[in-house]
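Novice: pasting the sequence and the predicted coordinates here, then a few questions.
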Amino acid sequence: MSSDTNSHFSEYLVFGPVPPFRGGVARHTELLATELSRFSSVTVISDAKLYSDWLYPGASQFLPNETGLVARGSSQLRVKVQSLLRSLLTCLSIPNRKKTRVILIWWTPALFHKFVLRRLILWITRVDTVIFCHNVEPHEPSVIQQVLSRAALFRVRKVVVQSEGELAKIMRMSPRSNAFVLPHPPFPAAPMPRMSDAVNKRKIKNDKSRTRLLFFGFIRSYKGITTLLEALKISNQVSEFELHIVGECWDDALRLAIDEMVNDPDSNISANLNFVSDEVAAELFSWTDFVMLPYLTATGSGVLSQAISYRKPVIASVVDPFGSTIREALDGYLHETGSAAKLAACLDALAKGDLQIPTDPWTMNPKITSWEELAKSIADIQS
């Protein structure tokens, strides 16, 4: 794709969540729409509510005290909060279809009905549409989730994914699609303050003689938290490390495994199994020496994006996009996916001094893209 924007579209219509919805998808949509608005008029259509309560057992779908794009919109960027019916009418009534490009955000089959109805109307009315896939299908899909994902993405024409692995999936589903890999740019970093007592409601140590590890984000089994806990159990140098686990956890078995390690009086593990604000996240990333990414599968990781923003090295599995993005010893270290023994060996090598903490991670990494580059690449996709 060219670096200069030569799109003939004067209007972009983006169907996706933005703050005050929580999560990386909403933040991604916000930053993409903001960047698109620098050269075109952009309207974001956001749902009034994403999930039914029975589908979302977390504390809230919304950020506290956050107005998001609704309050920050400009003459080039507008946000409309609409019901499903109203959004379908919006799809039917696009005034200048030849000059409008629609971006449909896909990330979960829980919203299958909304996505498919919008896509169907846009197809019938022949509006230029690009589908942005955060996850082609869930990381731990059931049979029904696989079926819904494949039905939703059946015969897509123009589609954007965030890794080569996701590209392979979409090409298996729709071999004739015009698919592009556009990696996840780093999220903007909040100021990095000193650690406060409010960061963790249980316990957190701040012993600078130990190497400090951070496992951050919504805790699910595919992110390899059990691999990390097992690695610490078998490490010969566990006393040299301090691990802090932060993120909402809906899985009772995972919560129990974490609590058992935290409550061990000999462990250097602390946890805050709750959603935290950007300000608290900044404190945590400021505190840590390494961000831990022992994922079993990945697409485009918002936590990796944050690590890059805060210039923090990572210890990660070799799954894509980690394996293709992280430069060994410069940005962090890689280990065999799902292997607690290999991860423990990496930690032991750090403790013994055989491996060093990278001093200037992510500098001049050619794999890192900007939000401007992402927006221009989407604009340059041929209609």
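Specialist: It's in.
Novice: ok, now which ones touch R327?
Specialist: Residues near R327 by Cβ atoms under 8 Å, 6 or more residues apart in numbering: N365. Using the backbone N, CA and C atoms, a C-beta is placed for each residue, glycine as well.
Novice: so what pLDDT did it get?
Specialist: According to the predicted model, the pLDDT of R327 comes to 97.
Novice: outline the domain layout of the chain.
Specialist: 11-185+369-379, 211-352 (automatic domain parsing).
Novice: for the shortest one, the distance to its chain's centre please.
Specialist: So the one you mean is domain 211-352. Centroid displacement of domain 211-352 relative to its chain, using Cα atoms, centre = their mean, to the nearest Å, is 15 Å.
Novice: doesn't I378 make contact with L36?
Specialist: Yes - using Cβ atoms under 8 Å, L36 makes contact with I378 at a distance of 7.4 Å.
Novice: the more surrounded of the two?
Specialist: Between L36 and I378, L36 has the larger neighbour count (other Cβ atoms under 10 Å), namely 28 against 24.
Novice: quick check, pLDDT for that one.
Specialist: So L36 comes in at 95 (pLDDT).
Novice: ok, now which ones touch it?
Specialist: For L36, counting by Cβ under 8 Å, 6+ apart, the contacting residues are 12, 14, 42, 375, 378-379.
Novice: can you report phi and psi for it?
Specialist: Phi and psi for L36, reported as degrees, to the nearest 10, are phi -60, psi -30.
Novice: just the closest of the contacts of L36 to F62, please.
Specialist: Closest approach between those and F62, by Cβ to Cβ: V14, at 19.2 Å.
Novice: ok, what's across the strand from the closest one?
Specialist: Beta-bridge pairing for V14 (DSSP bridges): V44, I103.
Novice: that one against L32, yeah?
Specialist: Yes - contact criterion Cβ under 8 Å: V14 and L32 qualify, at 7.3 Å.
Novice: what sits in contact with each of the two?
Specialist: Shared contacts of V14 and L32, defined by Cβ under 8 Å, 6+ apart, comprise I103.
Novice: quick revisit: nearest to R119, of the contacts of L36?
Specialist: Nearest to R119 among the contacts of L36 is V14, at 13.9 Å by Cβ to Cβ.
Novice: residue boundaries of the strands in the stretch 51-200 of the chain?
Specialist: For the stretch 51-200 of the chain, applying DSSP state E, counting those that start in this stretch gives strands covering 77-82, 100-106, 128-133, 158-161, 178-181.
Novice: returning to that earlier point: among the domains of the chain, which is nearest W362?
Specialist: Ranking these by their distance to W362 (criterion: Cβ to Cβ) puts domain 211-352 first, at 5.0 Å.
Novice: ok, the helix or strand where A271 lies: who's next to it in the sheet?
Specialist: A271 is part of strand 269-272 when elements are defined by DSSP states H and E. In the sheet, strand 269-272 lines up against strand 241-246 (parallel) (DSSP bridges).
Novice: E328 versus the residue nearest to L111 when sequence neighbours are not counted, what's the distance?
Specialist: Closest residue to L111 apart from its sequence neighbours, by Cβ to Cβ, 6 or more residues apart in numbering: L50 at 6.8 Å. Using Cβ to Cβ, to the nearest Å, L50 is found at 39 Å from E328.
Novice: what residues of stretch 271-286 count as buried?
Specialist: By neighbour count on 16 or more other Cβ atoms under 10 Å, the buried set for stretch 271-286 is 271-273, 275-276, 280-286.
Novice: can you give me the end-to-end span of it?
Specialist: This stretch, stretch 271-286, spans 17 Å end to end (Cα to Cα, to the nearest Å).
Novice: average pLDDT across it?
Specialist: Taken as a whole, stretch 271-286 has an average pLDDT of 92.
Novice: returning to what we had before: ok, then the element right after the strand holding A271?
Specialist: Downstream of strand 269-272 (by DSSP H and E), the next one is helix 278-287.
Novice: pairing partners for F62 in the sheet, please.
Specialist: F21.
Novice: am I right that it is in contact with F21?
Specialist: Yes - look at F62 against F21 with Cβ under 8 Å: they come within range, at 6.2 Å.
Novice: neighbour count for those two, which is higher?
Specialist: Ranked by neighbour count (other Cβ under 10 Å), F62 and F21 place F21 first, with 23 against 15.
Novice: OK, contacts around the more buried one?
Specialist: 46, 50, 61-63, 68.
Novice: follow-up on the earlier one: contact partners for the residue nearest to L111?
Specialist: Taking Cβ under 8 Å, 6+ apart, one finds 17, 21, 56, 61, 111 in contact with L50.
Novice: buried ones from the residues you listed, can you make that a ChimeraX selection?
Specialist: A single ChimeraX command is used to select the members of the contacts of L50 judged buried by 16+ other Cβ under 10 Å:
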select :17,21,61,111
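Novice: and the contacts of L50, which is closest to F132?
Specialist: Using Cβ to Cβ, the contacts of L50 come closest to F132 at P17, 12.2 Å.
Novice: which SS class is the closest one?
Specialist: Following DSSP: H, G, I helix; E, B strand; the rest coil, we place P17 in the coil state.
Novice: next, count neighbours for the closest residue to it other than its chain neighbours.
Specialist: In space, and not counting its chain neighbours, P17 is closest to A26: 4.3 Å by Cβ to Cβ, 6+ apart. Close neighbours of A26, defined as other Cβ under 10 Å, add up to 24.
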